[in-house]
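Trainee: Sequence and computational prediction follow.
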Amino acid sequence: GQQVMQIPQYQHVQEGEDFTTYCNSSTTLSNIQWYKQRPGGHPVFLIQLVKSGEVKKQKRLTFQFGEAKKNSSLHITATQTTDVGTYFCAGSNYKLTFGKGTLLTVNP
Amino acid sequence: DAGVTQSPTHLIKTRGQQVTLRCSPKSGHDTVSWYQQALGQGPQFIFQYYEEEERQRGNFPDRFSGHQFPNYSSELNVNALLLGDSALYLCASSFEVNYGYTFGSGTRLTVV
């Protein structure tokens, strides 16, 4: 079945540093979605990427979808303490399959 | 406000018992998916309901069953509970399958 892998599993940064998490799927995806889950919270939808090579930005967050539609990345510029949480990618082929997530901690 | 309502928020059950979790989707959403999330893990797909039919199913045993009602609300039933069923159960709704999901706050199930 479809598998979605994410690296790294954990990332600790100093406030102001950049952060990137990578996502790879075992199969070609119709789209990929990114979610953020704060500690003790539930996943919150951030964005969906549909087109091959697509790049989308949300303020300090940049999302990319690979040309083969099998990989994606999320880059945060100049992290802030409010960015703390686990970032999940989720590949969609009728059902949404989540990666294990990257836990981001930020030292103020 | 997540828009998706789940009940109860917490539940403690004994091994072998049965449990029913409930979910009301966000207004305008017609698809409901259920996920199991163990501590420190990503959500694992259980199944998805659309038009009152189970459309997709993950790798969960038949002890896990569900239902969707005409008003799009949904239930997740788990029979013969095992200790390993202890987890956060998340309900997510969407408008059709290929749009972003809205998650509820989840039901924390503890099996003792």
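Mentor: Ah, there it is. Residues are numbered from 1 along each chain as shown, chains lettered A, B, ... in the order given.

Trainee: For the residue nearest the centre of chain B, which residues are in contact?
Mentor: Nearest to the centroid of the C-alpha atoms of chain B, with distances taken as CA atoms, centre = their mean, sits B:Trp34, at 3.3 Å. Counting by CB atoms under 8 Å, 6 or more residues apart in numbering or on different chains, B:Trp34 touches B:23, B:45-48, B:66, B:74, B:76, B:89-92. Bear in mind the C-beta positions are built from the backbone N, C-alpha and C, glycine included.

Trainee: Among the residues you listed, name the ones in strands.
Mentor: Among these, the members falling in strands (DSSP state E) are B:23, B:45-48, B:66, B:74, B:76, B:89-92.

Trainee: With neighbour count, pLDDT and distance to chain A added, can I get those in JSON lines?
Mentor: Conversion of the ones in strands among the contacts of B:Trp34 to JSON lines gives the following (neighbours: other CB atoms under 10 Å in any protein chain shown; pLDDT from 0 to 100; distance: CB to the nearest CB, whole Å):
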{"residue": "B:Cys23", "neighbour count": "27", "pLDDT": "98", "distance to chain A": "12"}
{"residue": "B:Phe45", "neighbour count": "23", "pLDDT": "95", "distance to chain A": "5"}
{"residue": "B:Ile46", "neighbour count": "22", "pLDDT": "97", "distance to chain A": "10"}
{"residue": "B:Phe47", "neighbour count": "21", "pLDDT": "96", "distance to chain A": "9"}
{"residue": "B:Gln48", "neighbour count": "25", "pLDDT": "95", "distance to chain A": "6"}
{"residue": "B:Gly66", "neighbour count": "22", "pLDDT": "97", "distance to chain A": "14"}
{"residue": "B:Ser74", "neighbour count": "25", "pLDDT": "98", "distance to chain A": "15"}
{"residue": "B:Leu76", "neighbour count": "26", "pLDDT": "98", "distance to chain A": "15"}
{"residue": "B:Tyr89", "neighbour count": "24", "pLDDT": "98", "distance to chain A": "11"}
{"residue": "B:Leu90", "neighbour count": "27", "pLDDT": "98", "distance to chain A": "6"}
{"residue": "B:Cys91", "neighbour count": "32", "pLDDT": "98", "distance to chain A": "10"}
{"residue": "B:Ala92", "neighbour count": "28", "pLDDT": "96", "distance to chain A": "8"}
